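Novice: Based on what follows, work out the 3D shape:
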Amino acid sequence: MLRIHLCSRRLALLITIAFAPVALAAQGLVQNDADAKEIASYRLTMDAVNKLAVAMRAAAEEAKKDPRYQEVDRIKTELDTLRKKDEPSEAEQARIEELSTKQAALEKQIEGPGLFNDANTLDDMEKAVRREPLLSGALAKAGMSPREFAKFTFAMVGASFAAGMQKSGMLKELPKDVNADNVKFIIEHEAELQKLQQEMKGSEK
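Specialist: Numbering: from 1, shown residues only. As a prediction, this is how the structure comes out:
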């Protein structure tokens, strides 16, 4: 498991985007019928899940080479040490404040504008991915195109949300734009997906 500090919410999104159904579904990102049909016809597979896992690991490894991430990692390590002290001195308290301010500034610099803030269609999302070297390069290494990543993400979002609602008894009949096979896939591979999700969460620490 990767054990690096991925401080940026931007990079965290790249790692967890396919496994955050409620957050994405609430945004109502799919806004046209053509996209809805394309996403509904996309079939989730473990091969695609594994490709995404490879891409996210590659993105995390690449991020370790960025001096800004390295600096934040160093700051967080020092902060963790200082905060574990029962009675830090005044100098140590001042150092904690100084490091916290520096960390926040670095994270804001790294984060920049949200990658998918203006992605309302599959085309928008595909273009956004291509503009993000870290993600597009990682996807290329995994053999997943930006278009497939976009479809995978929306399909996973819809199917995960529907599966959760179905399991809770709140959804008796699936919406017409949700692929029933994908919902079945989510339910049948729940343990594997949860294991991968935990790995991805661990890589953010």
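
Novice: Which neighbouring elements make contact with the strand or helix carrying Ala159?
Specialist: Assigned by DSSP states H and E, Ala159 belongs to helix 146-167. In terms of contacts (3 or more Cβ pairs under 8 Å, 6 or more residues apart in numbering; DSSP states H and E), helix 146-167 is packed against helix 21-25, helix 33-40, helix 46-63, helix 122-130, helix 133-142, helix 180-188. For the C-beta atoms, the positions are set from N, CA and C on the backbone; glycine is no exception.

Novice: list the buried ones in the second one?
Specialist: Residues 35-36, 38-40 are the ones in helix 33-40 that count as buried (16 or more other Cβ atoms under 10 Å).

Novice: Which one, of the helices and strands packed on helix 146-167, ends up nearest to Gln166?
Specialist: The closest of the helices and strands packed on helix 146-167 to Gln166 is helix 180-188. By Cβ to Cβ, the value is 6.7 Å.

Novice: quick one: that closest one to helix 46-63, angle?
Specialist: Using axes from the mean of the first three to the mean of the last three Cα atoms, to 10 degrees, the inter-axis angle of helix 180-188 relative to helix 46-63 is 70 degrees.

Novice: tell me which residues of helix 180-188 are tucked away?
Specialist: Going by neighbour count (16+ other Cβ under 10 Å), the buried part of helix 180-188 is 182-183, 185-187.

Novice: again, but for stretch 145-160
Specialist: Result for stretch 145-160 [16+ other Cβ under 10 Å]: buried residues 145-146, 148-160.

Novice: coming back round to it: what's the offset of the helix holding Ala159 from the middle of its chain?
Specialist: 13 Å (Cα atoms, centre = their mean, to the nearest Å).

Novice: how far off helix 180-188 does it point, in degrees?
Specialist: Helix 146-167 runs at 70 degrees relative to helix 180-188, counting by the same axes, to 10 degrees.

Novice: in this structure, what spans have low per-residue confidence?
Specialist: For the chain, the stretches with pLDDT under 70 are 1-31, 111-118, 200-205.
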